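A.B. asks: the amino acid sequence is not available; the structure is as follows:
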Ligand SMILES: Nc1ncnc2c1ncn2[C@@H]1O[C@H](COP(=O)(O)OP(=O)(O)OP(=O)(O)O)[C@@H](O)[C@H]1O
Ligand SMILES: Nc1ncnc2c1ncn2[C@@H]1O[C@H](COP(=O)(O)OP(=O)(O)OP(=O)(O)O)[C@@H](O)[C@H]1O
Ligand SMILES: [Mg+2]
Ligand SMILES: [Mg+2]
C-alpha cells in the first residue's frame, strides 16, 4: 500500500516543446534514424524481404531442381554457395527459403499476436474475474518450458510447416497477452482514458481507438523480437524433423540435412545457418532499436 | 547582524548540455554567495536551472551530456570545478551535502536506512562500523524519528514520505557539513509534513550553523526560511536580494509578475495577474533579455542585448535594463501590477 | 548384377594386430532397443544386441550366408516333413540351465503358443511339433514340406532361450535376455546404453574383449565424431555420404557387406491412376535408377534387378527391369491418356529415402508427372501402407531367411495383401499359383527357375521399380579389428580385438 | 515469508491442473485411435475393442480426464508404447540427467551473463561494451543446435579437448552446458546491462554520489543489488527456455535426458511418453518459477507492500 | 443539512462509500479494504464552486471518480438533477455524461498523444452528439478561442503544446459537450504559478459565461481560496469541515483545518503566523483510527475522540464541522 501518492512535480513548460514525451511517428522516426544499430537491423530485414519477393528473379537455379551430377560442389563461380547432396544450388534454395522462414516467423507472430493482444486487452481493460481467468490460462501456457509446448502440439498435429507455425504462434500467445495486459493497465489508468470514459465513449472505442494505438510500441517491439524467436524455434523444430517437409528449402530443414555434411561439405549447413543467424540478428537489433526509439528514457 | 564569513561563492557558473538537438544552456552564468549560517533561496519556475545549479556545485551533473563550461565554485577559497575526482569525493557529503526533492526515490530501496546513513559517516570520519551505526541512530533521533533503533534497521519502503525526507536530512547532516543544499526538499510532501520538515531544517541550522541553499519554486517557502533570494529565469539569475527586500520591493518585472500571479491564502482577489507567453527554449535562447518576449515593458533594446546583473542602491541586484542608466522607456510597473 | 563378392572388410580392420585382448568395446547406435525378447523383437537394433551374442541358434549363417552348425552339431532331413537335429553337449545357459533337447522344445513351444502372442509366430507356423527324441536329439515335425526351414531357424527369432527363465519368469526376458552365447547380458540403461560382458563359461571359443556397450547416439554426425576421436569403436549405422570422409580419415575404417534386402519404389496397383499398368510402366521407364544409386546412395549397394537381392536364394541375373527410356515413358502415358498427373509419394523419414523421394520427384517431372512427397514417421508409414492409403511409396523388403519364398509370398501373393507385405495390393492368380508351387518344390534348381519366371512376371506387370540391393556398412576406429557384418545386417563381434 | 511461500504454493495448484488439461487436450488432437496404435499390427477388432474399454476410451472426455489426473496423482503416467515400461520410471531415469545439465547451464548463464553485463554496464558505450554486446546479440541469434555442432566440431573433433558425447564425467558436461547456457547468458548479459544502466540513472545513485561514495562501491553495492532484481526473473524464465533447449542439445550430444526422450518418443509416436515428458518438464519449470519467486521476494522486499 | 436558501441543488451526494479491496498476503487473512471514502454526504449547488481540500490520499479524487462513476461506488447515492446516478444503466449513464465533465491534473496524461486537437474535440462532440457534423468545425474554432488557443492549434498533436496549453485543450474538450458540472481534479497543481494563474482566470471566466458548476479538487489552499464559493475539508475518507469559503478561512473550526491553514507558507516575510505543527504522518486508510480519525495527530484529542466518532454538525450558519470539541475550541 502506498500511502503518500507521489505528487507530480511541476512539469517543465519548455520540456513539452523540447522533449516530446510521447512520440508520434515523425519524432519517432527521427529518433529511430539516430539509432544506427536499429537502422542496420531494419536494412537487414528489408534486404531479406527484398530477397523473398524477388527470389524467382534473383535465384540462378530452380530451388528444387535435382542434378545429381552436380552434387556437393563447393562454392564456385557457378554456384556461389555450392550445391547440396542432390546438386541443388544452395544460393537459390536459400533465396527461396527466405519466403518460408520469414513466412513462418511472421505468420506465427501474427497468429500469436492476434490472440495474445485480444486476450491481453480484454484482461487488462475489464480486469476483475475476466482478468484472473485469462491470465491464469496464460500462466498455464507459460508453464510449458521453451519450445516444449510447440513440440507437444507438433507431435499431436503432425510435422508440417503450417503446424509448426501454429505451434510456435501458440507459444507466443501468453507473452503477447502479458505485455498487452501490462501496457493496457498502464494506459488505462492514464487520465485521458478517464476523460474519454466520462465523455461516454463505448468500451470498444476506448479499447481500439485510445488504448491499442498507445500500446503499439511495446507490441511492435515484442512482435519484432518474437519473429526472431519464432524463426529460431521453427528452424529448431525443422532440425528435429518436425517442421517443413522436403523438398522444401526452409532453412531449418536445409540445416538439418546439411548437418550430415558438416565435416565433408560444411557449406551446406553453414550458409543456411548464417542465413538464419543473420536474419534473426536483424530482427533482434531492429527490435532493440525500436525499443530504444520508443522508450524515451533510453535517450542519452 | 554581525558580518559572517562567506563559505561558498559561485562565479559566472555555466553548465550546458550537449545533446543531439543542440546545446541546452541550462545554467548560463550565475553568481551568488553564501555565508555561514545563512539561508539562500533559489526560486524560479520549472526548468529554469535550479537543480542544475545545485548539482553543478557538487559536480554531480550527468556527464555526458552535461558539462560545466565555465565559472568557478569557490568553497572556502578552493575552486571545486578544478578539483580532482577523489578530492571532490572528500567534500561531498562531508563539507557540502545535499538533499533531494523525491524522498521516495532518493534512498536506496534495498539497503536499511541506518546503514545508508552510517555509510556516509564511515566514508568521512574515522569510525568503525559499530560507532558509525550508533552515530546514525543518534542522527535519526536528531531529526525526530521515533524509535530510531528500530527504524535504522528498516528499509526505505517501510517508511512514510515524511520520514524518508528526515532520513535524507539525517544522512546529509551526519558529517556536520558547512553547506547544505536542499533541492525542493518539501515539494513532494503534504503541507502539514512540509511544515514539519521546514521547521526541522530551520532548527538544525540554528543548532549546527551551516549555510543552507534552499531551492524551491514556492515563494512562500522562501519568505519563511531564507535570508537571501536569487530568482532564476531561463538559466539566469534575474534578481538577487535580501528576502525582505525582494518581497517588499520586487524589482524585476518577472519577479513582480510572479508575485502578482500568486493566489494568496490571506487575501481575496477577483482576477490574478498573468504573465503571458512561455519560457524560451533552453536550446535557442534569444539574444537580448530572456524575459523580453513576455515582459510588458520591453523596449527595442531589451530584445537586442542581454542586461547585466546590476546592483541597485538597496544592495539587491537586478538583471533588467529598466534599472540601468541606458533605459529610455517609462517605469510604470506600479499600474501594471496593482 | 551379382558381381560384388560377399563380405569385404577394409584393410585396416583386417590388418590390426591381434595380440591384445580385453577391453570394452563401445558400439554407438542410432536408437535404443525396444525389447530384448527374441520372440517379440521386430526391429534390427534390438535384435542386434542378442543375435549371436547373448543368444545362439541351432544353426548360423557364415560370412557367405551359408548355414553352419551352431548349437546343433548336425541335422538330417528324415522325410519332407521331419527334420532331426543332433545337439552339442555340455552347454549351459547364462543362468546355469542346461542346454538340451528340452530347452529347444521349450523355446519353440513358447513361440508357437498363440497365448504368447509372438509377432513372429506366423513365420514358424509350418512347425506342427518339436519332439524330444533324447537329450541330444530333437525333431521338427512339419505340417507341410518347407524347404527354407533351416534359414528361419538361423534367424534371430530362432534363438534358443533358457528354459529356466521361460519357466520362472518369461516376462523378464523382455529386458533381461538369457541365452548360451559368448556374451552375458549385464545392464540396460533405457535410452542410454546396453552392456554385455564376456561369458567366461562359453562352450566355444571365448570372446577376446571383456565387455561390449551399445550406446545410443541419435545424431549421425555425433556418432561419427565419436568414432573419429576413439570415444567409440564401431558405428554400424553410417550415413552413405560420409564414405569419403571415413576413407580419408587416418583414424577410421569402413566395413561393407552386401545385404539381403532390396529397396524399391512400389505402386499401389489398385489406386487410380496407378491401376493402369501403362502408367506404372511409364513411371518405371522414367526413373534413372543408376543415378539414384550413385547420387543418393553414393554407390553403397548395387542396382537391383528384382525384389530379390543376389544373396537371396531365388535371385536370377536374367530378370530385366524396365529400361530408362523417356520417350517410351511419354508414349505410354499418352496411350493411357494420362495427362497432368499428380501422384503422391509416401516415404518414411529415413534420410536416404527422403532424398530418393526428392530425386524421383524431380525425375518424374521430366515426363510431366507432379509428385507430392509425403514424409511420415516409420510407424505411420506402416499404418498407411497397411491400410492401402498410399499411391506410390518407397520401401524395402528385408529377408531374414535368405530364401526367395520370403520375398515372393509376402510381397506378391494375393493372400499377403496389406499388413503381411503386399502393399502393392497386387493380385495375379498365375503368380499366386507359381509362388505356392515353389514352396513345395524340393528341387533347388526347379525352384530357381520358378522364381526367375515369377520375378520377370512381376516386373512386366510393373508392380514396383527395383532400385537397390542393400549394402550394410559399419565404421570403426582404427583400434578395432576382427568384427564383421552379416548379410542380414547383424554385427558380429565375437572375434573383435581392441588395440591399446 | 512462510505465508508467502504457502500462498505461492497454493497458487500453483490451478496452474498444474491447467498444465494437465492442456497436455490432455493436445493428446486428444492426435489423429488416429490410440487403441489401434496400441494393439499393434494385425490386431483383431475385438482386441481393439477390448483395449478401448480397458483404456477407458469409451468414456466421455471429462471422465477420461479425471482418470488421467487421478492416475497422475497415483504416480501412474501410463506405459510406454515402445517398451511397455511405466512412463514414470523412464522419466525418473532421465530427469536427473536433464536437471544436472540444466543446472550447469544455468550456472553458465548466470556467471557468464552477469559478468558480461556488468563489464558492459560499467563502461557503457565503450569499445568493450560494444564488443560484449555484439557477442551477446550473436549469442541470441545463433541457432543453438548449430552452435552445438560447431562447438563439437571445433573442441572435440579438431582440438580433442572435450569428449564428443555422453554423460560420464565433468568433461562431458562442458560443451552441452555451454551450448545450452550461451543463449541464456547472452540474454542475461543484456538484461543485466540495461538494468544496471537503468538503476544508475536512479535518484538514489545520485544520493550515493552526493555522499562521496566511490564509483566502484556505487556499482557493486548500490547499483548491482537493485539491478539484479529484474535479472532474477529473467533467469527464471530462461530456465524454461533452457529446459526446452534440452530437446535439441541432448539429441546432439547424445545425452540420455528428458528432452531427447521426448523427441525420440515423438518420432516413435510413443504418446504416453511424450505426454509424461512434457508434463514432468512443465512441473519442473513451475517448481523453478516458484523458487525464483521466493528468491525474488527475498531480494526485493518492497513487493510485500503491493 | 440542507439549509439551502434560494440556491438550487445540482448534485447531492449522500453517504458515499468507496472501498478498495487490498491484495491479501495470505489466504487465511481476512479481506482488507482501503476505505478511501467512508460515508460522506454533501451537496453542490448550481453555479457554485465547491472545493475539496485535504492531504494526499484522503479520498478527494476517489470522491470525484465515484461521482462520475469512473469507479463504481461501494455504497451511497449520487443524485444528479434528482436522478440517482449510481442506479443508471450503462446506456443512460452514457447519455448523462454530457452534463458531467472532468479536467485532470496531468497535462501530459490527460490527452491521447496520438490524436490531434481536432480529433480530440470532434470525438467529444460526436460521442455526445452535442454538435452536428457540419457545425463541428466552427464550434471547434469557437472553443479554442474560448480557452485562448489559436485556430492553428487544431491540427497539432498534444506534445507540441506546453503544459498550460494542454490544460486548455483539456478544458476545451470538457466544454465541447456543454456540461453543467465540471469536476476539476487538481487541474492546476502541475502548473507553474504563472501558468496556473492563467488557467485559474480562465476557469473563472468560463464559469461566469456558461453558468458552470465546479467541483474543484485541490490540495492547495491558496488556490482554493481564490476559486471557491464553498470549501470542504477531508481527512482520511471523511469530511471534517464544510463551509462557505470566507467563514472557513476566517474562522476554521476543526483542529485539522486550523493546522492545515497554519502550515501554508505565506509569501510575505513580514507575516509571522502562529504555526500548529501536527505530530507524525497520516495513518493508513486500510485500518483507519477508531473514533475521530484525526485523534492520533490532534493536539486536543481526548479519550472520547478515540472511541466516539463525531458527527458533522452545523456550528455556525452553513458551516459544518465534525469535532466533539469544536464549540469549546471556538470559544
Ligand atoms: N540531462 C539533460 N539533458 C539535456 N537537458 C537537460 C538535462 N537535464 C536538465 N536539462 C535542462 O536543463 C534545464 C534546467 O533544468 P533543472 O532541472 O535545473 O530545472 P529546475 O529549475 O530544477 O526545474 P524543476 O523545478 O522542474 O526541478 C532544463 O531546461 C532542462 O531541459
Ligand atoms: N483503485 C484503487 N485501488 C486501491 N486503492 C485505491 C485506489 N484508488 C485510490 N486508492 C486509495 O484510496 C485512497 C484515497 O485516494 P485518492 O486518490 O482519492 O486520494 P486523493 O485525496 O485524491 O490524494 P492526492 O492528493 O494524492 O491525489 C488512497 O489511500 C489511495 O491509495
Ligand atoms: Mg529541479
Ligand atoms: Mg488525487
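C.D. replies: Okay, I see it. Not measured: the values here are computed from a predicted model. Ligands and ions are numbered 1, 2, ... in the order given.
A.B. asks: how about chain B: which residue is closest to ligand 2?
C.D. replies: Per C-beta to the nearest ligand atom, residue B:190 is where chain B lies closest to ligand 2, at 8.1 Å. (C-beta placed from N, C-alpha, C; glycine too.)
A.B. asks: quick one, grab the pLDDT at that residue.
C.D. replies: Per-residue pLDDT puts residue B:190 at 84.
A.B. asks: one more: residue A:10?
C.D. replies: Here, the pLDDT recorded for residue A:10 equals 27.
A.B. asks: quick one: residues contacting the residue in the stretch 201-300 of chain A that chain E sits nearest to.
C.D. replies: Residue nearest to chain E within the stretch 201-300 of chain A: residue A:213 (4.9 Å; C-beta to the nearest C-beta). Applying C-beta atoms under 8 Å, 6 or more residues apart in numbering or on different chains to residue A:213 gives the contacts E:112, E:114.
A.B. asks: circling back: my guess is the residue of chain B closest to ligand 2 meets residue E:280, correct?
C.D. replies: No. Taking contacts as C-beta atoms under 8 Å, residue B:190 lies outside contact range of residue E:280: 12.0 Å.
A.B. asks: neighbour-wise, which of the two wins?
C.D. replies: Per other C-beta atoms under 10 Å in any protein chain shown, whichever of residue B:190 and residue E:280 has more neighbours is residue B:190, with 25 against 14.
A.B. asks: tell me which element the closest residue to that one other than its chain neighbours falls in.
C.D. replies: Ranked by C-beta to C-beta, 6 or more residues apart in numbering or on different chains and with sequence neighbours excluded, the top spatial neighbour of residue B:190 is residue E:55, at 4.1 Å. Assessed by DSSP states H and E, residue E:55 sits outside every helix and strand.
A.B. asks: where do the helices sit along chain E?
C.D. replies: Per DSSP state H, chain E carries helices over the ranges E:60-67, E:90-96, E:117-128, E:133-147, E:163-175, E:193-210, E:221-227, E:245-250, E:255-263, E:303-307, E:326-330.
A.B. asks: export those helices to TSV and append columns for mean pLDDT, distance to ligand 2 and mean neighbour count.
C.D. replies: TSV is the format used below for the helices of chain E (pLDDT from 0 to 100; distance: least, C-beta to the nearest ligand atom, whole Å; neighbours: other C-beta atoms under 10 Å in any protein chain shown):
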stretch	mean pLDDT	distance to ligand 2	mean neighbour count
helix E:60-67	92	3	24
helix E:90-96	89	19	14
helix E:117-128	91	24	21
helix E:133-147	90	24	16
helix E:163-175	90	17	25
helix E:193-210	90	16	20
helix E:221-227	91	13	24
helix E:245-250	90	18	18
helix E:255-263	91	13	23
helix E:303-307	91	22	14
helix E:326-330	82	23	15
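A.B. asks: as TSV, these with distance to chain A would be great.
C.D. replies: TSV is the format used below for those (distance: least, C-beta to the nearest C-beta, whole Å):
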stretch	distance to chain A
helix E:60-67	7
helix E:90-96	4
helix E:117-128	5
helix E:133-147	14
helix E:163-175	5
helix E:193-210	7
helix E:221-227	13
helix E:245-250	23
helix E:255-263	15
helix E:303-307	21
helix E:326-330	27
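A.B. asks: what's near enough to touch the residue of chain B closest to ligand 2?
C.D. replies: A:4, B:162, E:55-56, E:219, E:282.
A.B. asks: which of these sits closest to residue C:189?
C.D. replies: Residue C:189 lies nearest to residue A:4 out of those, by C-beta to C-beta, at 63.0 Å.
A.B. asks: count of neighbours near the nearest residue to residue C:220 once chain neighbours are set aside?
C.D. replies: Excluding the flanking residues, the one nearest residue C:220 by C-beta to C-beta, 6+ apart is residue C:239, at 4.9 Å. Using other C-beta under 10 Å, residue C:239 has 23 other residues around it.
A.B. asks: wait, doesn't residue C:239 sit right on residue C:219?
C.D. replies: No. Residue C:239 is beyond contact range of residue C:219, at 10.7 Å (criterion: C-beta under 8 Å).
A.B. asks: longest strand anywhere in chain C?
C.D. replies: strand C:252-267 (DSSP state E).
A.B. asks: ok, residues contacting the following helix or strand past that strand?
C.D. replies: Later in the chain than strand C:252-267, the nearest helix or strand by DSSP H and E is helix C:277-286. Contacts of helix C:277-286 from elsewhere in the structure, counted by C-beta under 8 Å, 6+ apart, are C:265, C:267, C:269, C:273-274, C:321-326, C:328-330, C:332-333, C:335-336, C:338, C:341, C:363-364, C:366-367, C:369, C:392, C:461-463, C:465.
A.B. asks: all helices for the stretch 151-300 of chain D, in order.
C.D. replies: Here the stretch 151-300 of chain D has its helices, by DSSP state H, counting those that start in this stretch, at D:170-200, D:203-211, D:215-217, D:224-252, D:258-267, D:271-299.
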